[in-house]
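**Student:** Predicted model, plus sequence, below.
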Amino acid sequence: MQQAAAAKQFAKAYALSQQHHETFIQHFQAERDKTMADLRATFEKKKAQQEILLAEVQQQLLQQQVDARQRELQLLAAHVLQRNAHLATLLKRMGEMLKKMAQEHGRLQPVAQLLKRLHSASHMQEMLELFDRELLQTNRSFLESLSEQYPTFTKTELKVCSLVLLKLSNKQMAVLLQSSPRTVETHRLHIARKVSLPGGQSLLQFLQQQQVVNT
């Protein structure tokens, strides 16, 4: 009897011990799963934060590259405009000399010297072509995006958009486009109309926003 009671008591204690063990295992597994889930959530959160930070850094680097290229274009544009002004001055002086020669015969040497200097400045077209290539290369992806968004833009209007981003005046743009300031102003009005430019926002501000979005 005592052995049977002891065996029964042992079996009961063993069953209780097993129950406690299973409860502990279940609790341990639940805690482990919760801890792992928390770790995964923390990891994913930090990963997302790192990806956002990386994207921001990449965006900043891209913007710095765009800004650097824009500054290079501004310098090139300034050089082209300076050469054009120099050429215009020479042409004016040449006209004055030729007019004077018509009155005073035999004074050819000053004109010969002026023609020599004029020849050195006659590469204006080559410089304009170089500027056009650099302008297109710098803004290629931006202009492609802009053209897709506004398919009615003409090539000249797209070029005007690039020149606006350089913060040039209509007069300066006219030299680079080999047109007149009035024609440039007409292009700008057409562009503003096609993009439905909001009131109070300049075309430069609009294009700068578009440049950031499409960079």
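**Tutor:** Sure, I can see it. Residues are numbered from 1 along each chain as shown.
**Student:** Who are the packing partners of the strand or helix carrying residue 136?
**Tutor:** Assigned by DSSP states H and E, residue 136 belongs to helix 124-138. Judged by 3 or more C-beta pairs under 8 Å, 6 or more residues apart in numbering; DSSP states H and E, helix 124-138 is in contact with helix 2-103, helix 155-165. Every residue, glycine included, has its C-beta placed from N, CA and C.
**Student:** The same query, at a cut-off of 10 Å, please.
**Tutor:** Using 3 or more C-beta pairs under 10 Å, 6 or more residues apart in numbering; DSSP states H and E as the contact test, the elements touching helix 124-138 are helix 2-103, helix 155-165, helix 170-177.
**Student:** Which residues outside that helix are in contact with it?
**Tutor:** 65-66, 68-70, 72-73, 76-77, 79-81, 83-84, 86-88, 121, 123, 143, 155, 158-159, 162-163, 165-166, 175-178 (C-beta atoms under 10 Å, 6 or more residues apart in numbering).
**Student:** For it, buried residues please.
**Tutor:** 124, 127, 128, 131, 135, 138 (16 or more other C-beta atoms under 10 Å).
**Student:** same question, stretch 55-74
**Tutor:** Under the neighbour-count criterion of 16+ other C-beta under 10 Å, stretch 55-74 has 66, 70, 73 buried.
**Student:** And for stretch 194-212?
**Tutor:** Those would be 195, 197, 203, 206, 207, 210, 211, for stretch 194-212 by 16+ other C-beta under 10 Å.
**Student:** would you turn those into JSON lines with pLDDT?
**Tutor:** Converted to JSON lines, the buried residues of stretch 194-212 look like this (pLDDT from 0 to 100):
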{"residue": "195", "pLDDT": "93"}
{"residue": "197", "pLDDT": "90"}
{"residue": "203", "pLDDT": "93"}
{"residue": "206", "pLDDT": "91"}
{"residue": "207", "pLDDT": "91"}
{"residue": "210", "pLDDT": "86"}
{"residue": "211", "pLDDT": "81"}
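**Student:** tell me which of those residues is nearest to residue 35?
**Tutor:** Of all the buried residues of stretch 194-212, residue 35 sits closest to residue 211, with 47.1 Å by C-beta to C-beta.
**Student:** Go through the buried residues of stretch 55-74 and name the one nearest residue 56.
**Tutor:** Using C-beta to C-beta, residue 66 comes nearest to residue 56 of the buried residues of stretch 55-74, at 15.4 Å.
**Student:** For the closest one, list the residues it contacts.
**Tutor:** Shown in contact with residue 66 (C-beta under 10 Å, 6+ apart): 138, 139, 141, 142, 165, 211, 212, 215.
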